[in-house]
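Fold the stuff below for me.
(2 chains)
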Amino acid sequence: MREGALVLTIANPTPSWNPLDDLAMLFHYDFMVHAFQAGTIVAIVAGAIGYFVVLRGSSFAAHALSHIGFAGAAGAVVLGLSPVLGLLAFTLGSGSVIGALGSRLRGRDVTIGIVLAWTLGLGVLFISLYTGYATEAYALLFGEILGISVRDVLVTLIAGAITLAALVFVYRPLLFSSVDEELASARGVPVTALSIAFMAILAVAVTEAVQVVGVLLIFALIVTPAAIAIRFTCHPPYAIGIGVGLALLFTWLGLAIAYFSPHPVSFFITSLAFFTYLGVRISEPLRRLLV
Amino acid sequence: MTARYDGRAVWSDASFEIPVGSFTAVLGPNGSGKTTLLRMVLGQLGPSSGSLQVFGRPPRRGDATIGYVPQRSDFDPELSIGGRDFVHLGLDGHRWGIDLFGKVDHGAIDAALEAVGAAVYAEKSIGRLSGGEQQRLLLAQALVGDPRLLLMDEPLSYLDVRNQATIVQLISDVARRRNLTVVLIAHDVNPLLRHVDSVVYVAAGRVAMGKPEDIITSERLTEIYGAPVEVIRDSRGRVFVVGLEEEIAHPHA
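Numbers count the residues shown, from 1 in each chain, chains lettered A, B, ... in the order given. Now for the predicted structure:
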């Protein structure tokens, strides 16, 4: 964010409305290239895993995971460690516990809410203990995609590849147990182990996505594209494809718009996601009339 | 055999054999241990004493020779999965990874959908279908792996009378065509009376098996419950079990 903000105020680019020139300008600076690379990886992973988050009704769990992760990241900063480490440790830990609570448990959301409230308090304490810049915390909360280094892109790529590989491996039994846990269990699918594994995969995906949109805005890339996709198709591979496509579109467009504007990238990504969802929901009765 | 659930004996001294190719209804009041019996056949619970064999083998989880339809009210209307995709899961949903080389037997999915008459709405989202349509897709999902035994937990409970009759007829027809053994838990025996070969009656910690006309009598049920029970038949041959506190509120067999 710091680096990005600095460059933006100096460069203050304005679009020429010639697509080729604008594209060349967009990729003129390394920080923009890195932002597009990391954004692309994160969008693919978030769009794919988001389908299962929506199908399993785990939106709140995904949301909580990112907030709990914030406490971990803030704690790591206090200890002088990389915030990503703290983020990953807390999301993985809490994700496994949430997974073990089961995916259809009625009291689950209450338990998550209680733990969430406490860890947020913990996060506040850690920020107050940290005497350095508040920008570190700010970046975690709202994302710092314009401040991503080559090394960050590489780490994101590796983490993204692992997440996708894990998702491919558990694809069919995960789909089965997300649709009907009882049936899947009767067919010998280890539903509880799978629920824990899924939350662990989600924890890694959340940790990645936090770099782009931040803890508070994670919904825009994980939940919204998938929520839009399932309104168009009930065929799982298509829904995943549409979700990934939308997440990519929001990220790319958000980055491009933000480049020519003084406002933050996260705002544009979340707004694109929100208004697309809104448009789809509003147009639904109309489409039903036409078809 | 004796079954325990949460440390409590659900029923004991059960001994029966269900012939291959027969249609058996499992009856009894709520909480009597009907679902416990089903879970034992599925290999999810073991008998606390005695033994159980399914086609001459001890039950094991994920047995492909068993097609299972669990008890449920309705699918969440927001659940976005197509009927065909749902049936597909019955075929390979338990396998790891993705179907990379398209090895899935689409013929088997088509055949299962045809067998239950669900082909017309197979592309629609399951959450948006009616209870009867959902029940047909659940049945197709159980049939798609070509099982020998069909286990169903209260498939009729949430259907209206007309749908109950249609689904029972469908199960009966499919079972005969595919030479399936059917074990079906029901709350009310009446929609099943013309189709079942035998009933397993689970009540008051006891399990009795026999032909429906032999089991559902005042004498036998009084003996099973250990309390005076009366079976009343109306002019259309429907049976009603009366005389038990909980059964007065729910006048079903």
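
Please report the number of neighbouring residues for the residue of the stretch 151-291 of chain A found nearest chain B.
Closest approach between the stretch 151-291 of chain A and chain B, counting by CB to the nearest CB: A:Gly188, at 2.1 Å. Just so you know, the C-beta spots here come from the backbone N, C-alpha and C atoms, and that holds for glycine as well. If you count neighbours by other CB atoms under 10 Å in any protein chain shown, A:Gly188 ends up with 17.

give me every residue that touches it.
Shown in contact with A:Gly188 (CB atoms under 8 Å, 6 or more residues apart in numbering or on different chains): B:61-62, B:94.

Near chain A, list only the ones from the residues you listed.
Residues shared between the contacts of A:Gly188 and the neighbourhood of chain A are B:61-62, B:94 [CB under 8 Å from any CB of the partner chain].

residue boundaries of the helices in chain A?
Using DSSP state H, the helices found in chain A span residues A:2-11, A:19-26, A:30-55, A:59-78, A:83-100, A:108-129, A:135-142, A:150-179, A:181-186, A:191-213, A:219-222, A:224-229, A:236-259, A:265-290.

List the residues that contact the residue in the stretch 51-200 of chain B that chain A sits nearest to.
Nearest residue of the stretch 51-200 of chain B to chain A, counting by CB to the nearest CB: B:Gly62, 2.1 Å away. B:Gly62 makes contact with A:186-189, B:43, B:94 under the criterion CB under 8 Å, 6+ apart.

now, which of the residues you listed sits nearest A:Ile145?
Distances from A:Ile145 to the contacts of B:Gly62, taken as CB to CB, are shortest for A:Val189 (37.4 Å).

surely that closest one meets B:Gly93?
Yes. At 7.1 Å, A:Val189 counts as touching B:Gly93 under the criterion of CB atoms under 8 Å.

mind showing which ranges of the stretch 151-291 of chain A have poor pLDDT?
Filtered on pLDDT under 70, the stretch 151-291 of chain A yields the residue ranges A:291.

Flag every residue of it that's near chain B.
A:168-173, A:175-176, A:179-180, A:182-189, A:230-231, A:233-236, A:239.

where do the strands sit along the stretch 1-150 of chain B?
Counting by DSSP state E, counting those that start in this stretch, one finds strands in the stretch 1-150 of chain B at the ranges B:3-5, B:8-11, B:23-27, B:66-69, B:149-153.

With distance to chain A, mean pLDDT and mean neighbour count as new columns, can these be given to me in CSV?
Listed next are these as CSV, based on distance: least, CB to the nearest CB, whole Å; pLDDT from 0 to 100; neighbours: other CB atoms under 10 Å in any protein chain shown:
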stretch, distance to chain A, mean pLDDT, mean neighbour count
strand B:3-5, 17, 70, 19
strand B:8-11, 19, 75, 16
strand B:23-27, 16, 93, 24
strand B:66-69, 5, 93, 25
strand B:149-153, 8, 94, 23
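
To B:Ala186, which of the ones you listed lies closest?
Of all these, strand B:23-27 sits nearest to B:Ala186, with 5.2 Å by CB to CB.

neighbouring strands for that closest one, and are they parallel or not?
Applying DSSP bridges, strand B:23-27 is found paired with strand B:181-185 (parallel), strand B:198-203 (parallel).

lowest-confidence stretch among those?
Sorting those by mean pLDDT places strand B:198-203 lowest, at a mean of 90.

what element comes up after that strand heading to the C-terminus?
Later in the chain than strand B:198-203, the nearest helix or strand by DSSP states H and E is strand B:206-210.

got the buried residues for that following strand?
For strand B:206-210, the neighbour count (16 or more other CB atoms under 10 Å in any protein chain shown) marks B:206-209 as buried.

Which secondary structure elements does that strand sit against?
strand B:198-203, helix B:218-225 (3 or more CB pairs under 8 Å, 6 or more residues apart in numbering or on different chains; DSSP states H and E).

tell me the most buried of those?
Across the helices and strands packed on strand B:206-210, the average number of neighbours (mean count of other CB atoms under 10 Å in any protein chain shown) peaks for strand B:198-203, which reaches a mean of 23.

relative to helix B:218-225, how tilted is it?
Put simply, strand B:198-203 runs at 50 degrees to helix B:218-225, going by axes from the mean of the first three to the mean of the last three CA atoms, to 10 degrees.

okay, the angle between strand B:198-203 and strand B:206-210?
Counting by the same axes, to 10 degrees, strand B:198-203 points 160 degrees away from the direction of strand B:206-210.

got the contacts of B:Gly62 as CSV, with distance to A:Val280 columns?
Formatted as CSV, these follow (distance: CB to CB, whole Å):
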residue, distance to A:Val280
A:Ala186, 36
A:Arg187, 34
A:Gly188, 38
A:Val189, 32
B:Gly43, 44
B:His94, 34
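
Of the residues you listed, just say which sits nearest to B:Asp146.
Using CB to CB, the contacts of B:Gly62 come closest to B:Asp146 at A:Arg187, 13.9 Å.

still on that earlier bit, among the strands paired with strand B:23-27, single out whichever gets nearest to A:Thr270.
Proximity to A:Thr270, assessed across the strands paired with strand B:23-27 by CB to CB, is greatest for strand B:181-185 (49.0 Å).

Chain A contacts on the stretch 101-250 of chain B?
Applying CB under 8 Å from any CB, we find that the stretch 101-250 of chain B lies next to chain A at B:123-126, B:141.

So A:Leu183 is in contact with A:Val191, correct?
No. Look at A:Leu183 against A:Val191 with CB under 8 Å: they stay out of range, at 9.9 Å.

Helices along the stretch 51-200 of chain B, start to end?
Residue ranges of the helices in the stretch 51-200 of chain B, as given by DSSP state H, counting those that start in this stretch, are B:83-92, B:106-115, B:131-143, B:161-178.

and the first one, what does it pack onto?
Here helix B:83-92 touches helix A:150-179, helix A:181-186, helix B:106-115, helix B:131-143, going by 3+ CB pairs under 8 Å, 6+ apart.

what pairs with the most centrally placed residue in chain B across the strands?
Central residue of chain B (CA atoms, centre = their mean): B:Met152, 2.0 Å from the mean position. In this entry, B:Met152 is beta-bridged to B:Val69, B:Leu184, by DSSP bridges.

how near is A:Arg288 to B:Ala115?
As for A:Arg288, its distance to B:Ala115 is 31 Å (criterion: CB to CB, to the nearest Å).

Pick out whichever of the two has more residues nearby.
B:Ala115 (19 against 8).

So B:Leu45 sits against B:Arg39, correct?
Yes. Taking contacts as CB under 8 Å, B:Leu45 lies within contact range of B:Arg39: 4.4 Å.

before we move on, back to that, so which of the helices of chain A is the most packed in?
helix A:219-222 (a mean of 29).

Let's see it as CSV, backbone CA atoms only.
C-alpha atoms of helix A:219-222 as CSV (Å, rounded to 0.1, in the frame of the first residue of the first chain):
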residue,chain,number,x,y,z
PHE,A,219,-16.3,-12.1,1.1
ALA,A,220,-16.0,-10.2,-2.2
LEU,A,221,-13.6,-12.8,-3.7
ILE,A,222,-14.6,-16.0,-1.9
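
Packing partners of that helix?
Packed next to helix A:219-222, using 3+ CB pairs under 8 Å, 6+ apart, are helix A:30-55, helix A:59-78, helix A:191-213, helix A:236-259, helix A:265-290.

and the last one, how far out from the chain's middle?
Using CA atoms, centre = their mean, to the nearest Å, the mean C-alpha position of helix A:265-290 is found 19 Å from that of the whole chain.

helices or strands up against that helix?
Packed against helix A:265-290 by the contact rule (3+ CB pairs under 8 Å, 6+ apart) you find helix A:191-213, helix A:219-222, helix A:224-229, helix A:236-259.

before we move on, the earlier item: wait, which of the buried residues of strand B:206-210 is closest to A:Val206?
Taking CB to CB as the measure, A:Val206 sits nearest to B:Val207 out of the buried residues of strand B:206-210, at 50.1 Å.

May I have the predicted confidence score for that closest one?
Per-residue pLDDT puts B:Val207 at 87.
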